[in-house]
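Novice: prediction below, plus the sequence it came from.
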2 protein chains.
Amino acid sequence: MNYIVLQNENALYYECKFSCDNAIFLSLGKERFFITDSRYEIEAKERVEGATVVISKNLLDELIATLKSNKVKKVAIDPIEWDLYSFRKVKESLPLKFSYKPAFSHNKRIIKSAQEIEYLREAVKIGRKSFKAIAKALTERQGASEQELNFLAESILRDFGRRDISFEPILALSENAAKPHALPTERKLQLDDLILLDAGVKYKRYCSDRTRTAYYNGETLRFNYKQHFSDKKIQKAYDTVLKAHDKAIAKARCGMTGSEIDKIARDVIEKAGFGKEFVHSTGHGVGLDIHEMPYISAKSTTVIEDAMVFTIEPGIYIADAFGIRIEDMVVMQNGRAEVL
Amino acid sequence: MNYIVLQNENALYYECKFSCDNAIFLSLGKERFFITDSRYEIEAKERVEGATVVISKNLLDELIATLKSNKVKKVAIDPIEWDLYSFRKVKESLPLKFSYKPAFSHNKRIIKSAQEIEYLREAVKIGRKSFKAIAKALTERQGASEQELNFLAESILRDFGRRDISFEPILALSENAAKPHALPTERKLQLDDLILLDAGVKYKRYCSDRTRTAYYNGETLRFNYKQHFSDKKIQKAYDTVLKAHDKAIAKARCGMTGSEIDKIARDVIEKAGFGKEFVHSTGHGVGLDIHEMPYISAKSTTVIEDAMVFTIEPGIYIADAFGIRIEDMVVMQNGRAEVL
């Protein structure tokens, strides 16, 4: 099958071990082309594997010329990845038949190789170390604002991750943690606060992703599973989220769909009376992209297999009060989920 | 004119002073809608200005329903911004006429408001301070690798920029500077090296962009215009780039096209015999995006007006030997270019 990868760094990297911010990849079976501009010529020629590097001032024109000279009749593209402008230009230039493959690269990447799992394991390890260092640094920051704490957390992550982080970390206090994707405010860290930290680093371009929710009493802060909150409602919600997290990991099996695993976590939370407060899905795949397949959501029909890697991250969010989320990455091995 | 902004953070922010990584904006003249998911509900309702916040699990379905209930017949979209998947879904659901406006938001944003210019001026000021701090930090780093130096530069930029930088900085040594978008290597900083630094920070989401090329003699490093290289060919190229930079800024006028300004710089470099080594265009607009309109390139037909902001950044690149670039941001005021 002929296919094109358009301007998508991780998809490009997966094809030929190099990417840059202006490139198109064309596979015609045995012949494969990496089309980029002169700014990337030297590095592309050094690093691209298994494809001919073509330098051009206009990548789309070059793509059209290559399709034409190779008499290509049919080509697969990902309609999510393609912009309408490029599509219209190619379509108007050639009598080409398109086959639409949504999430083409993500589908290819859903089963991880042994090396990818090794990289992901290492990323998670560095992420775990970062959380320890952040906990230590936060302990004495009573009175610092969320913005300062976020900056501190990001600096530590960038240090451990040698600059590359999976996404801007989320560090939210008590009522701000009720927003699953909170932006940092001027709110100051106080005794009795809840601290939610969602963060990850990259190792050889592969992402880690981890969330912990902890109680701040001014003494040693620890991002452990075991937490004691002074507020009983928070403690009940926390214990529920932890139970949902543990059960989903213990009971996940190959052969289940994403929605069946989502249901394991969701049932625990619903039984405890917090069903409406678990506003997102249970998890998502992780790899070169921080969000990829398989999705562990109520709608996911993907059948889970060995060597898939995804998060388990149930949560409970009570508006204006608090939010709790506990997240780990797992890899399916021998039919079961192993925490990375 | 009705229009839609799809999943483009800076374009969304420009419309209503808030953005997040999952949102669609629809303007129907007086009625304006900001459609996002429940993760962003609290913040969107607090911060969105001049639009109704609509929360939905499926943004495209919500958009289609809103277009339908408002009996919209025609709508403008940016085909560069739209993915083919979303377009096909909307098109198949409604008898809607699309008007294609490539670079719709960039076109709207080409003339900066007084406040935007103030923000850009402040971003440039912070960027300039960062360069001073980086120069000081680099002075004693003889023997450190490009990777370490890049990490150091980025840490300083993030510190000055309060976490937000315009792009990953480029810090390249001598022969590596020949690649305009170099990735850092293990190459160590030595006496007699040339150091090229291209970097910027953000202030209230507005970007700065700056490049300097300096000579490293182990003593005080300065990212000044005045540089003395031990190698005569490098010095000749440097003086040529500086002359092209100065002349383009001095001679740029409102009423000229982007290509006419590009030509001022290009002519200086061609006359000095380096024409083929100036491989990119002279500049680009800067604002919420690091690259926006107007483009200062050989092909640009954009007529330059007051309150446009763009870079002037000529360069000369000799493969395997060295690269030089000098870049400043200018704002057009009273018909002329003022360096920010």
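Specialist: Nice, thanks for sending it over. Numbering: from 1, shown residues only, chains lettered A, B, ... in the order given.
Novice: gap between the closest residue to A:Met256 other than its chain neighbours and A:Gln333?
Specialist: Of all residues not flanking A:Met256 in the chain, A:Ile304 sits nearest, at 5.3 Å (C-beta to C-beta, 6 or more residues apart in numbering or on different chains). In this view, the C-beta of every residue, glycine as well, is placed from N, C-alpha and C. Counting by C-beta to C-beta, to the nearest Å, the gap from A:Ile304 to A:Gln333 is 12 Å.
Novice: higher neighbour count, these two?
Specialist: Ranked by neighbour count (other C-beta atoms under 10 Å in any protein chain shown), A:Ile304 and A:Gln333 place A:Ile304 first, with 22 against 13.
Novice: give me the pLDDT for that one.
Specialist: The model reports A:Ile304 with a pLDDT of 98.
Novice: circling back to that earlier point, doesn't A:Asp262 make contact with the residue nearest to A:Met256?
Specialist: No: if you go by C-beta atoms under 8 Å, A:Ile304 and A:Asp262 don't touch, sitting 11.0 Å apart.
Novice: check which helices and strands the helix or strand harbouring A:Phe151 sits against.
Specialist: Element membership for A:Phe151 (DSSP states H and E) is helix A:146-160. If contacts are counted by 3 or more C-beta pairs under 8 Å, 6 or more residues apart in numbering or on different chains; DSSP states H and E, helix A:146-160 sits against helix A:114-139, strand A:170-173, strand A:194-199, helix B:146-160.
Novice: residues touching A:Asp209, list them.
Specialist: Neighbouring residues of A:Asp209 by C-beta atoms under 8 Å, 6 or more residues apart in numbering or on different chains: A:Gly127, A:Ser166, A:Asp198, A:Gly200, A:Val286, A:Ile290, A:Thr311, A:Glu327, A:Met329.
Novice: of these, which is the nearest to A:Asn176?
Specialist: The closest of the contacts of A:Asp209 to A:Asn176 turns out to be A:Asp198 (C-beta to C-beta; 12.5 Å).
Novice: who does the closest one bridge with?
Specialist: Bridge pairing for A:Asp198 (DSSP bridges) gives the partners A:Ile170, A:Thr211.
Novice: what count of nearby residues applies to it?
Specialist: A:Asp198: 24 surrounding residues under other C-beta under 10 Å.
Novice: that one reaches A:Ile170, doesn't it?
Specialist: Yes: between A:Asp198 and A:Ile170 a contact is recorded at 4.2 Å, counting by C-beta under 8 Å.
Novice: my guess is A:Gln227 is in a strand, correct?
Specialist: No: per DSSP: H, G, I helix; E, B strand; the rest coil, A:Gln227 lies outside any strand segment and is coil.
Novice: list the contacts of the residue nearest to it when sequence neighbours are not counted.
Specialist: Nearest non-adjacent residue to A:Gln227, counting by C-beta to C-beta, 6+ apart: A:Tyr215, 5.0 Å away. Residues in contact with A:Tyr215 (C-beta under 8 Å, 6+ apart) are A:Asp192, A:Asp193, A:Leu194, A:Ile195, A:Gln227, A:His228, A:Phe229, A:Ser230.
Novice: considering these, which possesses the most neighbours?
Specialist: A:Leu194 leads these on contacts (other C-beta under 10 Å) with 26 neighbours.
Novice: grab the nearest non-local neighbour of that residue.
Specialist: Spatial nearest neighbour of A:Leu194, chain neighbours left out: A:Ser174 (4.9 Å); criterion: C-beta to C-beta, 6+ apart.
Novice: repeat that for A:Leu173.
Specialist: Closest to A:Leu173 by C-beta to C-beta, 6+ apart is A:Asp193, at 5.0 Å.
Novice: go ahead and confirm the one you found touches A:Glu175.
Specialist: No: taking contacts as C-beta under 8 Å, A:Asp193 lies outside contact range of A:Glu175: 9.6 Å.
Novice: show the pLDDT at A:Gly161.
Specialist: A:Gly161 is assigned a predicted lDDT (pLDDT) of 76.
Novice: nearest spatial neighbour of it, chain-adjacent residues omitted?
Specialist: Setting aside the residues directly before and after it, A:Gly161 is nearest to A:Val201 in space (C-beta to C-beta, 6+ apart), at 3.1 Å.
Novice: over to A:Leu152?
Specialist: Spatial nearest neighbour of A:Leu152, excluding adjacent residues (C-beta to C-beta, 6+ apart): A:Ala137 at 5.8 Å.
Novice: right, and that neighbour touches A:Ile156 too?
Specialist: Yes: the pair A:Ala137 / A:Ile156 is scored as a contact, 6.3 Å apart, by C-beta under 8 Å.
Novice: settle it for me: which of these two has more neighbours?
Specialist: A:Ile156 (23 against 15).
Novice: any idea how far stretch A:322-339 is from the middle of the chain?
Specialist: How far stretch A:322-339 lies from its chain's middle: 13 Å, per C-alpha atoms, centre = their mean, to the nearest Å.
Novice: try stretch A:204-212
Specialist: Distance, stretch centre to chain centre, for stretch A:204-212: 7 Å (C-alpha atoms, centre = their mean).
Novice: B:Ile80: which of the contacts of A:Asp209 is nearest?
Specialist: After measuring the contacts of A:Asp209 against B:Ile80 - C-beta to C-beta - the closest member comes out as A:Ile290, at 24.3 Å.
Novice: got the contact list for the closest one?
Specialist: So A:Ile290 contacts A:Ser166, A:Phe167, A:Gly200, A:Cys207, A:Asp209 (C-beta under 8 Å, 6+ apart).
Novice: so which of those comes closest to chain B?
Specialist: The nearest member of these to chain B, counting by C-beta to the nearest C-beta, is A:Phe167 at 9.4 Å.
Novice: which ones are touching that closest one?
Specialist: Residues in contact with A:Phe167 (C-beta under 8 Å, 6+ apart) are A:Ala199, A:Gly200, A:Ile290.
Novice: distance of the first one from B:Glu116?
Specialist: Relative to B:Glu116, A:Ala199 is positioned 32 Å away (C-beta to C-beta).
Novice: and the two? Which one has more around it.
Specialist: Between A:Ala199 and B:Glu116, counting by other C-beta under 10 Å, A:Ala199 is the more crowded of the two (27 against 19).
Novice: hang on, the more buried one packs against A:Ile165?
Specialist: Yes: A:Ala199 lies in contact with A:Ile165 (C-beta under 8 Å); the separation is 7.3 Å.
Novice: where do the contact lists of these two overlap?
Specialist: A:Leu157.
Novice: output the contacting helices and strands for the helix or strand containing A:Val5.
Specialist: Using DSSP H and E, A:Val5 sits in strand A:3-6. Applying 3+ C-beta pairs under 8 Å, 6+ apart, one finds that strand A:3-6 contacts helix A:9-16, strand A:23-28, strand A:74-77, helix A:104-108.
Novice: would you mind listing what in chain A touches chain B?
Specialist: Chain A has residues A:20-21, A:38-40, A:42-43, A:77, A:79-85, A:87-88, A:100, A:102, A:147, A:150-151, A:154-155, A:158, A:162-163, A:178-183, A:279-280, A:319 near chain B, with proximity defined as C-beta under 8 Å from any C-beta of the partner chain.
Novice: in PyMOL, how would I select the buried members of these?
Specialist: Typed into PyMOL, the line below selects the buried ones among those, using 16 or more other C-beta atoms under 10 Å in any protein chain shown:
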select buried, chain A and resi 20+39+40+42+43+77+79+80+81+82+83+84+85+87+147+150+151+154+155+158+163+178+179+180+181+182+183+279+280
